[in-house]
Structure formats: C-alpha cells, structure tokens
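Chemist: coordinates only, sequence not included:
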C-alpha cells in the first residue's frame, strides 16, 4: 500500500472509530432512561426530555459552526469533539444524579455536532464519484450501528441484574472515555488533505450559505425526508428498552440486551445497502423499505398484546415480539445513508460542511421530536399505541422519498443543461 493509501486507510479507521464512540453514547439514551426511572426516581414524562439534552446542542452547534469547520479543519474538529467527550465521561461516575446525565448528553450532543459535520465532509475528500461516496457513507453508517449494538451489551454488562438501580453501571463511562482518548490520538497521527474543502467565502457569507441551500427544492425535500426518518428511528430506538421491560415484561438487563436486535438489524441493513444500491435504483429500494417497515409494525405489535410477567423469562422463553419487532431496523437501515449521499453528491465539496450542518440540525430536531412524542404517548396511552402511531410519519416519509426522487431528476437535468450551454 502506498503512503497515500496508508494515510487514507488510517483516516477512514479513525472516522469509523469516532462514529462508533458517538454511536455508543448517543444511542444509550434508551438505556439511561430506563436506569434513570429505576435509579434516579424520575417519571417517564420527565425522562422523555433527556433526548432533547443531546439533540438540541447538536442542532445549535451544527447550525452555528458547520460552515466554519473548513477553517478549523475537519480532523481537528473530530479531535476536539472526542476530547470533550472523554473528559465528560471520565467525570460521569463521580456523580449520581439526573442533572449530571443531562450535562453529559449536552456535552455529547455538542461534540457530535462537530464530529458528524467533520466525518461527512471528509467522506467527499476521500472518495471520487457518487458510487464511492455512497459506498463509504453506507460503510461508516454501518459501523455506527455496530457501535450502537456494542453499546447495548457494554451498558448491560455493567448493570447489576440483582439490583438494577446500583450505581455501578456508571463505571461504563470509564471504558468509553479511554476509547475516545485513544481515537483522538489516532486522529492526531493521521493526515487528511482538506484543501478542496476550503473556499474564499468570508465567515459570515459561509454561514448564510446554509440558508441559500435551504432555498433549493432538492435540499428542502431532502431535509423533510431526513427529519421524518430520524423521528421514526429515534422514537423506536430510544423507547425500545422500556417497551421490552414494561410491555413484554422482560428483566431489566435482558430488556437492554434485547434492544440490541434493533441495532444488529440496522448494522446489517446499512452494510448490505452498499451492495444493493449498486444494482437497485435507490428510490425503489427505499420505497420498498418504508412499505416493509409499516407491514412489520402491523405484524409484530399484535404479538405483544396481553402479555403477562413471566418469572422464567429468558432468551429461550422470551415473547416472539421481542425478536420480531426490532427487525424493523433491517428495512429502516438503507434510508438515511442513501438520502444523505444523494444530496451531498449533488453539491461541490466546498459546500459539504454547510450541507452536513443542515443534515445534523434537522436530524437532531427529528430525534428530539420523535423521542418526546413517543415518551408522552408511552406515558398516556401505553407502549403499543405509541409504536402503532409510528405508521403516520412512515406514510409521510414515503411521500417525501417520492418527492426527493423527482427533485433529484430535475437537479440532474438542470446540471446537464448548464453543461451543454
């Protein structure tokens, strides 16, 4: 392997590890909500706000800094984000209060805003053409879901099955802090040519580029699609451990571990999406995925009705719904990286940071909205009804994907006309 290839491989590895660290933390909200209810004495309505403590900082920091990151440097932004997270995680076991959890997620959210914009923008610097871009995007997002999967089991291994409220589970943050610090050191020893990402725009003008992007029809439809997708994913992923515990009546540790099936499904779906997208048009694949998601909701949730606590509950004596419903992630998986790649590939590399900032903002708003609405519905109507109502945003997402395809064709036609002129 040439030096250039060696540095490229090291940079991609560092980006994957960065994404995995944040995957563990960002998607631990569901587990932490369950632990907060049992250990901190908070109710579901109060716990439903926890998602906002990570997602609102993501949105705010992305909005304010995304267009300025090319000046800071993508690699430096990742190092900064990982360093902040390592420090916050190292301090977490010293406290045992719900306010400390809120502070941790606020730090994680702000740091992820820097890291995601940097990672997504770096993909364009490490690839040539739409096919390579889509492949690397799906691969990195796939490893993100592997991180989510690892997080469920990592957190579960620190939970005391005899006393779930035991604060020893907080020691998991020492492990995460060590991995974050090691990844920051790997980035410090990597190289990335960021010259193609720089432009001559003044900082203020670069900031307003984000608003000009929103005015484009393709971008507008995409942002609606991203918002709806993340709303669905986070509403299910965040509340799945609690659904397993209170609706399926699984033990606490198993409730967290069983939620990992959702992460496995997402990981397999995203890693496999790169292969499928080489042969199947992206819009047809995504339409089929949304329809399959809706069908699985209608198939799996009736299996959860009327279940009663089972003192012998185990992996071999678990309700069928515990295995079937999380498979929705398999069909959900290809949607997010595919729509992101479509819109980023249509823009020059110097605009990728601003566009990624918009992606992060609308994704964060979608995640907060989904978790909050599902939490409120969970508390008032029960988990089954809350998950049934996910069919509504699925229907809207289906329409948004159709609109995104139409706007993509129009954007390609306009670009071809400019080239001919």
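Modeler: Yep, that arrived. None of these values were measured; they are calculated from a predicted model.
Chemist: so where's this structure uncertain?
Modeler: 1-6, 129-131, 196-209, 415-421 (pLDDT under 70).
Chemist: quick one: the strands in it?
Modeler: Ranges of strands within the chain: none, based on DSSP state E.
Chemist: so how many other residues sit close to residue 354?
Modeler: 26 (other C-beta atoms under 10 Å). For glycine as for every other residue, the C-beta is placed from the backbone atoms N, C-alpha and C.
Chemist: let me fix that: residue 408
Modeler: 20.
Chemist: contacts for stretch 265-279?
Modeler: 131, 134-135, 138-139, 141-146, 148-149, 233, 285, 326-334, 337-338 (C-beta atoms under 8 Å, 6 or more residues apart in numbering).
Chemist: List the buried residues for that stretch?
Modeler: 265, 266, 267, 268, 269, 270, 271, 273, 274, 277 (16 or more other C-beta atoms under 10 Å).
Chemist: out of these, which are inside helices?
Modeler: Judged by DSSP state H, the buried residues of stretch 265-279 include 265, 266, 267, 268, 269, 270, 271, 273, 274 as members of helices.
Chemist: picking up where we left off before, which of the buried residues of stretch 265-279 lies closest to residue 124?
Modeler: Closest approach between the buried residues of stretch 265-279 and residue 124, by C-beta to C-beta: residue 274, at 16.6 Å.
Chemist: Could you check how far the closest one is from residue 340?
Modeler: 13 Å (C-beta to C-beta, to the nearest Å).
Chemist: now swap in residue 271 and tell me
Modeler: Taken as C-beta to C-beta, the span from residue 271 to residue 340 is 16 Å.
Chemist: Residue 348 too?
Modeler: 16 Å.
Chemist: Same drill for those two, tell me which one is more crowded.
Modeler: Set side by side, residue 348 and residue 340 show more neighbours around residue 340, with 25 against 11, by other C-beta under 10 Å.
Chemist: rewinding a little: can you flag the buried ones in the contacts of stretch 265-279?
Modeler: Looks like these have 134-135, 138-139, 141-146, 148-149, 233, 285, 326-334, 337-338 buried, using 16+ other C-beta under 10 Å.
Chemist: give the contact list for the closest residue to residue 12 other than its chain neighbours.
Modeler: Leaving aside its chain neighbours, residue 12 sits nearest to residue 126 (6.6 Å; criterion: C-beta to C-beta, 6 or more residues apart in numbering). Listed by C-beta under 8 Å, 6+ apart, the contact set of residue 126 reads 8, 11, 12, 136, 192.
Chemist: Buried ones among these?
Modeler: Among the contacts of residue 126, those buried by neighbour count (16+ other C-beta under 10 Å) are 8, 11, 12, 136, 192.
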